[in-house]
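Colleague: need a structure here:
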Amino acid sequence: MRRHVMAGMVLLALGATSAACDEKLSDLTGATPNLQPTLSSIQREIFDTTDSAGRQACTNCHTDAGRTPPAGMVLRPGVAHSNLVGAASSGKPGAIRVIPGDPENSYLIHKLEGRPGIVGTPMPRGNALLSAGQILVIRRWIERGAPND
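Modeller: Down below sits the predicted model:
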């Protein structure tokens, strides 16, 4: 009997977990309905693209094409991962831009959310910040270990 109760509790927990993950990402990400928690999708939909809400592509500023980017961070394809994952922030001593598996302590999330204690302004600069849904997808990528996918 006890084994059946335990098995039922496990199934109930698994069902609740999968139901919580069932929301459609496109319902959460607004101006970037194709955004997925992979680096290639974040690169394409966030870093490289100006979205329909008017938020400018991150690579408009974070590029080394003819300039030195803010905080030395280049977000071009092929180098974004190494400039983010495990990389120390040049603006805030001791902060790591992306800590694989730990979005809560990743400085990128602090900058995107505009948390107290960040150096400079929230990112991206300007009036059109990332939506809560877009940040959620970036958080999920970090939770997954921030793979170079």
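
Colleague: just the helices in the protein please.
Modeller: Here the chain has its helices, by DSSP state H, at 2-20, 25-28, 39-42, 80-84, 107-113, 132-143.

Colleague: ok, of those, where does mean pLDDT dip lowest?
Modeller: Note on the helices of the chain: lowest mean pLDDT is at helix 2-20, with a mean of 35.

Colleague: contact partners for the residue lying closest to Pro147 once chain neighbours are set aside?
Modeller: The shortest distance from Pro147 to any non-neighbouring residue, by Cβ to Cβ, 6 or more residues apart in numbering, is to Leu39 (6.8 Å). All C-beta spots, glycine's among them, are computed from the backbone N, C-alpha and C. Shown in contact with Leu39 (Cβ atoms under 8 Å, 6 or more residues apart in numbering): Ala80, His81, Trp141, Ala146, Pro147, Asn148, Asp149.

Colleague: touching stretch 68-86 from outside, list them.
Modeller: With Cβ under 8 Å, 6+ apart as the criterion, stretch 68-86 contacts 39, 43, 47-48, 58-59, 61-65, 87, 89-91, 96-100, 108, 120, 146, 148.

Colleague: my bad, should have said stretch 91-99
Modeller: Outside stretch 91-99, the residues that touch it by Cβ under 8 Å, 6+ apart are 71, 73, 83-89, 105-108, 110, 118-120, 142, 146.

Colleague: buried residues in it?
Modeller: Within stretch 91-99, the residues scored as buried using 16 or more other Cβ atoms under 10 Å are Gly91, Lys92, Ala95, Ile96, Arg97, Val98, Ile99.

Colleague: and the last one, how far is that from Thr49?
Modeller: Pointing back at Ile99 there. Distance, Ile99 to Thr49, by Cβ to Cβ, to the nearest Å: 26 Å.

Colleague: and what of the first one?
Modeller: Computed with Cβ to Cβ, the distance linking Gly91 and Thr49 is 25 Å.

Colleague: surely Asp48 touches Thr59?
Modeller: Yes - counting by Cβ atoms under 8 Å, Thr59 is a contact partner of Asp48 at 5.5 Å.
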